[in-house]
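**Student:** got a predicted structure plus its sequence, pasted below:
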Amino acid sequence: MIQQISSLMLIAALVFSAGTSSMGKEIKESAQTVFDQPYLAIAPVQTYPGDAVLVKSKQATSVTLFQKTYRLQPSNGEYVRFIPVPFDAKPGTYPIQTADNKHKAELTILPKQFAVDKLTVSKQLNQMRQDTARIDADQKKINAARSKSAETAYFADKFQWPAEGRITTPYGYQRVVNGVPANRHAAIDIANKTGTPIAATNHGKVVLAESLYLTGNTVIIDHGLQVFSIYAHMSKIDVKTGDLVKAGQQIGRIGSTGFSTGPHLHFGMLIGNTYVNPQPFLDASPFLWE
């Protein structure tokens, strides 16, 4: 705080001494930028259930949103954190505030309807969903892979579509398998022929690359700041755990391994272990969300 006050005093002194010169105008503009920067900011300020928001603060190291406390991470001279918006969040305005309750911003959640996706599968395929022992064992591997994330972002630009093809199941659809409600489909399914190349959606580090029971050949990439991407049902994996990858680099090929009715890529984005809508990441750099 003392350092911040000293900086502001220095700027004020420079503005006073510079007078009306061209340099003075530049200093005044820089000073105004400093004063205009909010102590706590959230982007986007309007969003939907299942999406994610980016919280930034000058000094606060933790904030409260949705009755949960989130620790912010130091990054490029400020503190930041991506926070997932729950699927069951009701439309309305939600306060986000610092741990000391001295600073507050607001997030507006807009209404959104998710369609129902009815899927009919064979008895043999449906029985795969009942093997909870194998499913739980794989989930432990997945959770371990996503338990740590780089403290700084590997990325700066927006994310890329990982494969060409037809979207068969959009994000957020409520799945009904053989007439029985199942989990919400919190990813995007991209259908194309077996062998179609799959690329990393952005720079990052591979934290899992192996065959799993339900998701088949699976790759998970850490993009830093708790942002992860997942690629499932691949026919072939072209990377290994620990590899650093670039945006657009081939990491595998489309297939139909695991619980799958045909060749496609199951592509998801996560904040920690929570799936979020990939579309905003594909539309613009998260650091430019408004």
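**Tutor:** The structure has been received and is ready for your questions.

**Student:** is Gln174 in contact with Pro181, as I believe?
**Tutor:** Yes. Contact criterion Cβ atoms under 8 Å: Gln174 and Pro181 qualify, at 7.0 Å. To be clear about C-beta, it is placed using only N, CA and C from the backbone, and glycine gets the same treatment.

**Student:** these two: which has the busier surroundings?
**Tutor:** Per other Cβ atoms under 10 Å, whichever of Gln174 and Pro181 has more neighbours is Gln174, with 15 against 10.

**Student:** quick check: bridge partners of that one?
**Tutor:** Val116, Arg184 (DSSP bridges).

**Student:** separation between the nearest residue in space to Gly258 that is not next to it in sequence and Leu270?
**Tutor:** Excluding the flanking residues, the one nearest Gly258 by Cβ to Cβ, 6 or more residues apart in numbering is Gly216, at 2.9 Å. Gly216 sits 18 Å away from Leu270 when distances are taken as Cβ to Cβ, to the nearest Å.

**Student:** check Lys58 too.
**Tutor:** 27 Å.

**Student:** Asn183 now?
**Tutor:** 14 Å.

**Student:** which one's more surrounded, those two?
**Tutor:** Ranked by neighbour count (other Cβ under 10 Å), Asn183 and Leu270 place Leu270 first, with 23 against 10.

**Student:** what helices or strands is the host helix or strand of that one leaning on?
**Tutor:** Counting by DSSP states H and E, the element that carries Leu270 is strand 264-271. Counting contacts by 3 or more Cβ pairs under 8 Å, 6 or more residues apart in numbering; DSSP states H and E, strand 264-271 is packed against strand 78-84, strand 188-191, strand 227-234, strand 274-276.

**Student:** at 10 Å instead, please
**Tutor:** strand 52-57, strand 78-84, strand 166-169, strand 188-191, strand 216-224, strand 227-234, strand 274-276, helix 279-283 (3 or more Cβ pairs under 10 Å, 6 or more residues apart in numbering; DSSP states H and E).
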